[in-house]
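In: quick one: sequence and predicted model below, then my questions.
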Amino acid sequence: MTFTMVVAMLPWAGAAQAHGTVINPASRAYQCWQTWGHRHMDPAMQTQDPMCYRAFQANPDTMWNWMSQLRDGLAGQYQARTPDGQLCSNALSRNNTLNQPGAWKATNVSRNFTLQFYDQASHGADFFRVYLTRQGFNPNTQQVGWGNVDLITTTGRYAPTQNISFNVSTSGRSGHHVLFVLWKASHMDQTYMWCSDINIT
């Protein structure tokens, strides 16, 4: 599915609700919404995608509001105010299932790939910071913490627009990893964080 087709499928939301997420490789909540949102009552989810099933059972609003995983007023204290094991939920208790290790569906990527981000409200970005779990990290059994990720990309500013993409190098890693992305929006002190599961081939 192309980037244009994915964006065309996204639901409209009012400006107060509209924000964004990483759509490729899909963040955990977005992947669950994209795959199961239109058939979230399908019992097949329990066996075919057990991590999404747990997330929907715990709080379906996590998936319906996949674009609203934000905190206000962090004043640059991203690590100090985001405890280990809570990176994937952006330390939001309502999204805690996104922190749980397990068999999340992973997107296949090459060692150099293009990250695609959708900013529905066109907030723009002061910067993105992209982290990747270290070689040997096991997403099936370990929660993502600051001590098991490395910063691999920091971008500059982006003017307000809906579609942002930039290149990411996985620095020689291979296999199953978790990509952790931090977005500092430009319109106010508003910070978003997500995890995307990837398989580096």
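Out: Good, I have the coordinates.
In: all strands for this protein, in order.
Out: 20-24, 70-72, 107-109, 112-119, 125-133, 149-154, 163-169, 175-185, 190-200 (DSSP state E).
In: was I right about residue 97 contacting residue 59?
Out: Yes: using Cβ atoms under 8 Å, residue 97 is in contact with residue 59, at 6.9 Å. Quick note: C-beta positions are derived from backbone N, CA and C, even for glycine.
In: can you give me how far stretch 124-135 is from the chain middle?
Out: The chain centre lies 10 Å from the centre of stretch 124-135; the measure is Cα atoms, centre = their mean, to the nearest Å.
In: quick one: contacts of that stretch?
Out: Contact partners of stretch 124-135, identified using Cβ atoms under 8 Å, 6 or more residues apart in numbering, comprise 115, 117, 119, 139, 144, 148-161, 164, 166, 168, 170-171, 173-175, 177-187.
In: ok, 7 Å please
Out: 115, 144, 148-160, 164, 168, 170, 173, 177-187 (Cβ atoms under 7 Å, 6 or more residues apart in numbering).
In: and the strands of the chain as a markdown table, adding mean neighbour count, mean pLDDT and distance to residue 46?
Out: Converted to a markdown table, the strands of the chain look like this (neighbours: other Cβ atoms under 10 Å; pLDDT from 0 to 100; distance: least, Cβ to Cβ, whole Å):
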| stretch | mean neighbour count | mean pLDDT | distance to residue 46 |
| --- | --- | --- | --- |
| strand 20-24 | 24 | 96 | 24 |
| strand 70-72 | 15 | 95 | 30 |
| strand 107-109 | 15 | 98 | 22 |
| strand 112-119 | 18 | 97 | 29 |
| strand 125-133 | 20 | 98 | 27 |
| strand 149-154 | 15 | 98 | 30 |
| strand 163-169 | 15 | 98 | 33 |
| strand 175-185 | 22 | 97 | 22 |
| strand 190-200 | 23 | 97 | 19 |
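In: output those strands as CSV; include the columns distance to residue 81.
Out: Below are the strands of the chain laid out as CSV (distance: least, Cβ to Cβ, whole Å):
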stretch, distance to residue 81
strand 20-24, 20
strand 70-72, 8
strand 107-109, 28
strand 112-119, 23
strand 125-133, 15
strand 149-154, 16
strand 163-169, 25
strand 175-185, 12
strand 190-200, 9
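In: read off the pLDDT value for residue 7.
Out: pLDDT for residue 7: 43.
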